[in-house]
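Q: Next one to model:
(one chain, ligands or ions: 3)
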Amino acid sequence: MSVKIHPRVTDWAHQMKGITGANKVIMLDGSPAQRSRLNQALVKSGAFQALDPAKWPNSYASRSAPTDTARAEDKTLMVYSENRDNNRSFKYMSPDAAHSDVLPLFKNAMNGRDMFVVPALMGPEGSSLSRALVQVTDSPYVAANMAIMSRMGDPALRHINENNGVFTRGLHASADLDYSKLYVLHFPEGDPIADIWSVNSAYGGNALQGKKCLALRLAMTQARAEGWLAEHMLILKIKDPSGKTHYLTAAFPSACGKTNLAMLNPPTHFAQQGWEITTLGDDIAWLKPHSDGTLHAINPENGMFGVAPGTNDQTNGNMMDTLRRGNVIFTNVATTPDGDVWWEGLTPRPPKQFHDWRNREWEQIGSNTWAIDRQVKVEWNEGRGSWKVTSGEEFLPDALQGAKELPNAAHPNSRFTVAASQCPSLAQEWENPDGVPISLTLFGGRRPEFGLIPLVSAAQSWEQAVYMATVMGSAMTAAAFGAVGDIRRDAFAQLPFMGYPLPDYLRHWLSMPQSVRHLPQVATVNWFQRDDEGRFIWHGYGDNFRALEWLIRLGEGSAPYLDSPVGRLPGINGLDMTGYNMPEKHLAALTTFNPEAGWPAEADSRARHLAKYPDMPEAVTNEQKKLAGAINSF
Ligand code: GTP
Ligand code: SPV
Ligand code: MN
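A: Ligands and ions are numbered 1, 2, ... in the order given. Coordinates of the predicted model:
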């Protein structure tokens, strides 16, 4: 290895070996040869299935433990010496409880296994915003994912040497993958053992510690102290027909469309006019006030850990092309006997034969019917892209929630891990150490109610922007365990990632005008309104560009708009709908303020939510009062 390893790294790794009883310490340098050995070892152990190299070069499919398919929010805790938040913004654990209840789970957890030491740089090399993590893990699967998601090995070791041996210490053991003993702990005040401890899961957000643990929960506590922001946001670049560039960030809850928006292809009409979209990041942004008076954003990640279902050449051609370049780890997708992968939404017709994410064998037995392990019969509904059980339900396993698990070929939260550098629409400035200046920021979620939360709504002040992001709601998805479909308030799409109390976080956002002269324009978006038969009334994906284009014209003072109690709206004449015919009733539902669609109930629900936090900033509660007043007077 060319880079000298800082003694703090080796000392700490050996301390962790002592606790976990690991066999051997394997230092990862990120070299292609070493990464290839890691993949080969995973194939040999059966954890990786090598895919057909003609279709998916150097790519692998992997299946998790059936209980280890999503983030475990109930078991994700912040450890502070004092409990100032009372479990409102995050789950709390005391340092004593961590040491007495959780530390023993790491004792000898790596007996008979090797311990990988994963130096991971989060952020571009040479950026003052970048941070180094050293994660130890017993999971070669986690190490292989970290090799894609971070700048692993030498870049991280160099960063540590240049920063006096400073790094975040991440202790991870997949141990027995016992869900009842799963914990993800964070120590913003530090701890003698490590800053992040996670155990009994190998799933993304629980185990790839550079991602949500470091880049959001721990980073945001530092960001607050240092005057910057760590956000659950994609970053994209829009070049308009005049050649002017606009950089945008957007925060949506998990599985609500960040990766897809980040790689969007504008509809033909706009592409012909000369609009171009390129990608800088799809999940996390660190934003810092810059001397030019704007907020500059960097993407701390090196790869994408994207949701597979729904991804195809029409919805996200750039992602499909990224994947076809190979070097992908697929997790919990279906695999075919000829080394291909499949998930719901990849093609209209499922393959004749495949193994699902639980490794059950599916075989086509009729034009629309498949048999699972010759026991359960299911019918494919091509229009809906989903399965229905027709017989043999008793043979299905119970899901975590107790109900019978719906048989999906790919798990609804199945994912792919792939390097950002393979994305054909990557913006060349994605690794700018100085980041890019942000002029537009979106917040959004899944709100299915017809006519309620508009397709796009621009904030009229910074206070209203912070309020709108605070009360944002979204229907639950499979990215976390919970009742899929229930609406929950997810402030700034950060509810699962809060590292310190929400009211303080909002005060931090409200203070931004003091350090940033040119704040981004802020808007909320909602691609997910449905009709009374449950169908999306907005095509979404590429057509989402129509909302972005309106916002850019609005910022330049050349777009029609309507002022309303819920922000500035396009109205039925605001959006450029060339090439998209939509019933006027739907267009009105998306672009105008419709008090009768349920606003009084929505306003009450927001008020109840805000009342849970007695120390909400007044700027936020004032906006709530303004909204409630305006709705009552309608
Ligand atoms: P995380 O990685 O969990 O943070 O998710 P994400 O916000 O990046 O979500 P992603 O882009 O992966 O999309 C999640 C799911 O929503 C996928 O199944 C997409 O196909 C689907 N989706 C994304 N954009 C749209 C849209 O505009 N309309 C509709 N109807 N579905 C969408
Ligand atoms: C999310 O759930 O927001 C993700 C996947 O991006 S995870 O890595 O699990 O956080
Ligand atoms: Mn995410």
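Q: Which residues does Phe115 form beta bridges with?
A: One correction, residue 115 is Met, not Phe. Residues found in beta-bridge contact with Met115 (criterion: DSSP bridges) are Val25.
Q: wait, it sits on Lys24?
A: Yes. Using CB atoms under 8 Å, Met115 is in contact with Lys24, at 7.2 Å. For the C-beta atoms, the positions are set from N, CA and C on the backbone; glycine is no exception.
Q: Comparing those two, which residue is more hemmed in?
A: Met115 (25 against 10; other CB atoms under 10 Å).
Q: now the more buried one: how far from Val142?
A: When distances are taken as CB to CB, to the nearest Å, Met115 and Val142 turn out to be 12 Å apart.
Q: Give me the neighbour count for the residue of the stretch 101-250 of the chain found nearest ligand 3.
A: Among all residues of the stretch 101-250 of the chain, His232 sits closest to ligand 3, at 5.8 Å; criterion: CB to the ion. The local packing of His232 (other CB under 10 Å) involves 25 other residues.
Q: Which residue is the nearest non-sequential neighbour of it?
A: On the basis of CB to CB, 6 or more residues apart in numbering, the spatially nearest residue to His232 that is not a chain neighbour turns out to be Ala493, at 4.6 Å.
Q: what residues are up against the one you found?
A: Residues touching Ala493, when contacts are defined by CB atoms under 8 Å, 6 or more residues apart in numbering, comprise His232, Met233, Ala251, Phe252, Pro253, Ser254, Cys256, Phe443, Gly445, Met472, Ser474.
Q: The fifth one touches Ala491, doesn't it?
A: So the one you mean is Pro253. No. Contact criterion CB under 8 Å: Pro253 and Ala491 do not qualify, at 10.1 Å.
Q: Which one of those two is surrounded by more residues?
A: Summary of the neighbour comparison: Pro253 and Ala491, criterion other CB under 10 Å, with Pro253 having more neighbours (27 against 24).
Q: how close does that one get to Met263?
A: Distance from Pro253 to Met263, counting by CB to CB: 18 Å.
Q: Quick check: Arg606 is in a helix.
A: Yes. Secondary structure assignment places Arg606 in a helix (DSSP: H, G, I helix; E, B strand; the rest coil).
Q: Skip the chain neighbours and tell me the closest residue to it.
A: Val471 (4.4 Å).
Q: hang on, the earlier thing: please report phi then psi for the residue nearest to His232.
A: According to degrees, to the nearest 10, the main-chain angles of Ala493 amount to phi 60, psi 30.
Q: what do you get for Ala285?
A: When quoted as degrees, to the nearest 10, the phi and psi of Ala285 stand at phi -130, psi 140.
Q: Leu171 contacts Leu133, doesn't it?
A: No. In terms of CB under 8 Å, Leu171 does not count as a neighbour of Leu133; the distance is 11.2 Å.
Q: Pick out whichever of these two has more residues nearby.
A: Neighbours were counted for Leu171 and for Leu133 using other CB under 10 Å; Leu133 has more, 29 against 26.
Q: residue ranges of the strands in the stretch 501-634 of the chain, please?
A: When secondary structure is read from DSSP state E, counting those that start in this stretch, the stretch 501-634 of the chain shows strands at 521-525, 562-564, 567-569.
Q: want to try CSV for those strands, with distance to Thr390 as columns?
A: Conversion of those to CSV gives the following (distance: least, CB to CB, whole Å):
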stretch, distance to Thr390
strand 521-525, 39
strand 562-564, 47
strand 567-569, 45
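Q: Turn these into CSV, including mean neighbour count and mean pLDDT.
A: Rendered in CSV, the data for the strands of the stretch 501-634 of the chain read as follows (neighbours: other CB atoms under 10 Å; pLDDT from 0 to 100):
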stretch, mean neighbour count, mean pLDDT
strand 521-525, 23, 98
strand 562-564, 15, 97
strand 567-569, 23, 98
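Q: For Ala547, find the nearest of the ones you listed.
A: strand 521-525 (5.7 Å; CB to CB).
Q: could you dump stretch 41-59 to PDB, C-alpha only?
A: Coordinates of the C-alpha atoms in stretch 41-59 are reproduced here as PDB (Å, rounded to 0.1, in the frame of the first residue of the first chain):
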ATOM      1  CA  ALA A  41     -14.500 -14.500  -1.800                       C
ATOM      2  CA  LEU A  42     -18.200 -13.500  -1.600                       C
ATOM      3  CA  VAL A  43     -18.900 -15.700  -4.600                       C
ATOM      4  CA  LYS A  44     -17.100 -18.600  -3.100                       C
ATOM      5  CA  SER A  45     -19.000 -18.300   0.200                       C
ATOM      6  CA  GLY A  46     -22.300 -18.200  -1.700                       C
ATOM      7  CA  ALA A  47     -23.200 -14.600  -0.600                       C
ATOM      8  CA  PHE A  48     -22.700 -13.300  -4.100                       C
ATOM      9  CA  GLN A  49     -24.100 -14.900  -7.300                       C
ATOM     10  CA  ALA A  50     -22.100 -13.800 -10.300                       C
ATOM     11  CA  LEU A  51     -24.400 -12.600 -13.100                       C
ATOM     12  CA  ASP A  52     -24.100 -13.100 -16.800                       C
ATOM     13  CA  PRO A  53     -21.000 -11.000 -17.800                       C
ATOM     14  CA  ALA A  54     -22.500 -10.200 -21.200                       C
ATOM     15  CA  LYS A  55     -25.500  -8.500 -19.600                       C
ATOM     16  CA  TRP A  56     -24.100  -7.300 -16.300                       C
ATOM     17  CA  PRO A  57     -20.300  -7.200 -16.400                       C
ATOM     18  CA  ASN A  58     -18.500  -7.900 -13.100                       C
ATOM     19  CA  SER A  59     -21.900  -7.700 -11.300                       C
END
